[in-house]
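**Q** One predicted model, sequence on top.
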Amino acid sequence: MGYPRRLLGEGEVIVTEMKPHWRALIVPSVVVIGVVFAATWLALMWGSWFSGTLGSIGRWVIVIVAVALMIVFAVRPFLFWITTQYVFTNRRIITRAGLVAKRGRDMPLAKVNNVSFEISVVGRMLNYGRLEIESAGDEDLVIDDVPNVETIQREVYRLHEEDDERRRRRSEATGGDPVLPGDGS
């Protein structure tokens, strides 16, 4: 599911669009396997330990606890992963997350001051990291679990330079100062 084109500005083009790194799904996958194995074993053993009403109620309690664990530790992280988007356009950086309640942040490329990354040892092995984008005046944008973070950092710098050049040409054509997004000009 891509970022809706109708939410882009005139002349705005998506350059890169991605989800958090797939490693975010490792723990939920292990949880599913572990909970299914443990719940099945426990339900079978419970049936041999107890019979009648206690055995039946005990199995239902095991199933309810297993479903609750799967919802909290597997389904919820998966839904977060599947509904999170990092979009880099020729004019801004967009982050969106959430299935029902949405959370998002946009940062115009014109306000980018510095772009840095941080990669852990595991991140080097699996090729992901944290992208930190410093903003002029706004709160910095920190994006975790970015696949190919070094490539994305270089791409953001390139997009920033192209955006500066576009605004400079527009300013020269109109004979005024470069127009920054959100300054009311």
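**A** Yep, it's here. Numbers count the residues shown, from 1 in each chain.
**Q** Tell me, domain by domain, which residues of the protein belong where.
**A** The record assigns the chain these domain ranges, following automatic domain parsing: 25-80, 91-174.
**Q** between those domains, which gets nearest to Arg6?
**A** Using Cβ to Cβ as the measure, domain 91-174 is the one of those that comes nearest Arg6, at 13.4 Å. C-beta here means a position set from N, CA and C on the backbone, and glycine is covered the same way.
**Q** quick one: average confidence on the closest one?
**A** For domain 91-174, the per-residue pLDDT values average out at 92.
**Q** and the end-to-end length of it?
**A** Terminal residues of domain 91-174 lie 19 Å apart, using Cα to Cα, to the nearest Å.
**Q** tell me how far that domain is from the chain's mean position?
**A** Centroid displacement of domain 91-174 relative to its chain, using Cα atoms, centre = their mean, to the nearest Å, is 13 Å.
**Q** for stretch 29-49, same thing?
**A** Distance, centroid of stretch 29-49 to centroid of chain: 32 Å (Cα atoms, centre = their mean).
**Q** Stretch 4-15 now?
**A** Relative to the chain's own centre, stretch 4-15 is displaced by 19 Å; criterion: Cα atoms, centre = their mean.
**Q** in it, what counts as buried?
**A** For stretch 4-15, a neighbour-count test (16 or more other Cβ atoms under 10 Å) marks Leu8 as buried.
**Q** residue ranges of the strands in this structure, please?
**A** Taking DSSP state E as the criterion, the chain contains strands spanning 14-18, 85-89, 92-97, 103-108, 112-118, 128-135, 141-147.
**Q** And the domains of the chain: which comes nearest Gly2?
**A** The stretch from those with the least distance to Gly2 (Cβ to Cβ) is domain 91-174; that distance is 11.4 Å.
**Q** and the strands of the chain as JSON lines, adding distance to Leu44?
**A** Formatted as JSON lines, the strands of the chain follow (distance: least, Cβ to Cβ, whole Å):
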{"stretch": "strand 14-18", "distance to Leu44": "43"}
{"stretch": "strand 85-89", "distance to Leu44": "42"}
{"stretch": "strand 92-97", "distance to Leu44": "39"}
{"stretch": "strand 103-108", "distance to Leu44": "42"}
{"stretch": "strand 112-118", "distance to Leu44": "46"}
{"stretch": "strand 128-135", "distance to Leu44": "39"}
{"stretch": "strand 141-147", "distance to Leu44": "38"}
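**Q** ok, Tyr157 touching Asn114?
**A** No: with the criterion set as Cβ atoms under 8 Å, Tyr157 and Asn114 do not qualify as a contacting pair; they are 9.5 Å apart.
**Q** Test for you: state the pLDDT assigned to Asp183.
**A** With respect to pLDDT, Asp183 has a value of 51.
**Q** rewinding a little: out of the strands of the chain, which gets nearest to Leu42?
**A** Evaluated with Cβ to Cβ, the strands of the chain place strand 141-147 nearest to Leu42, the distance being 33.3 Å.
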